[in-house]
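**Q** from the sequence below, what's the structure:
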Amino acid sequence: MTLEELVACDNAAQKMQTVTAAVEELLVAAQRQDRLTVGVYESAKLMNVDPDSVVLCLLAIDEEEEDDIALQIHFTLIQSFCCDNDINIMRVSGMQRLAQLLGEPADTQGTTEARDLHCLLVTNPHTDSWKSHGLVEVASYCEESRGNNQWVPYISLQER
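**A** Next up is the predicted model:
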């Protein structure tokens, strides 16, 4: 491996860490400010009513769920809609970390039904101009990925 390749690999790893931290920061801030829609069906309803308010769509799935055909069909339709409406979109793995970030109860046996965290929308209503460092970083990464013909970039959230 050449020095240039080593530097490129190191820069890519550092970029992924920065983007992952930005996504985590963005999700926490969006939830705190009631700018987060959670769930495949809830997200589809919002995108149907007001797609212009959606600034980011995260599709979350872990490896063991990759064979869920119904979920993959939902993801395909959502991805298509997002591309048609210029909505930034990312694939995310690490459902446990996602649940932790959003304050989901660790054990929901019999008490309450866990929320569907497979699709998350971050919204920015037309009435205000919410600026978040995380949102700027993630949007920049999505745009850069599209420039490299990677239409749906992927990140992995690591458990802590």
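**Q** burial of the residue nearest to Asp62 when sequence neighbours are not counted, as a residue count?
**A** Nearest non-adjacent residue to Asp62, counting by C-beta to C-beta, 6 or more residues apart in numbering: Met95, 4.9 Å away. All C-beta spots, glycine's among them, are computed from the backbone N, C-alpha and C. Other residues within reach of Met95, judged by other C-beta atoms under 10 Å, total 18.
**Q** so Met95 sits right up against Glu63, yeah?
**A** No. If you go by C-beta atoms under 8 Å, Met95 and Glu63 don't touch, sitting 10.1 Å apart.
**Q** checking my notes, Cys57 in a strand, right?
**A** Yes. Counting by DSSP: H, G, I helix; E, B strand; the rest coil, Cys57 is found in a strand.
**Q** so the nearest residue to it once chain neighbours are set aside, which of the three states?
**A** Spatially, and ignoring its direct neighbours in sequence, Cys57 is nearest to Ile89 (4.5 Å; C-beta to C-beta, 6+ apart). For Ile89, the assignment made with three-state DSSP gives strand.
**Q** Ile89 reaches Val55, doesn't it?
**A** No. Using C-beta under 8 Å, Ile89 is not in contact with Val55, being 10.7 Å away.
**Q** ok, now which ones touch Tyr154?
**A** By C-beta atoms under 8 Å, 6 or more residues apart in numbering, the contact set of Tyr154 is Met90, Arg91, Val92, Ser93.
**Q** give the other helices and strands that the lengthiest helix in the chain contacts.
**A** When the chain is parsed with DSSP state H, its longest helix is helix 3-32. Judged by 3 or more C-beta pairs under 8 Å, 6 or more residues apart in numbering; DSSP states H and E, helix 3-32 is in contact with strand 54-60, helix 95-101, strand 119-123, helix 133-147, strand 154-156.
**Q** which residues does the residue most central in space within the chain bridge with?
**A** The centroid of the chain falls nearest to Leu58 when counting by C-alpha atoms, centre = their mean (2.4 Å). Note on Leu58: beta-bridge partners by DSSP bridges are Met90, Leu120.
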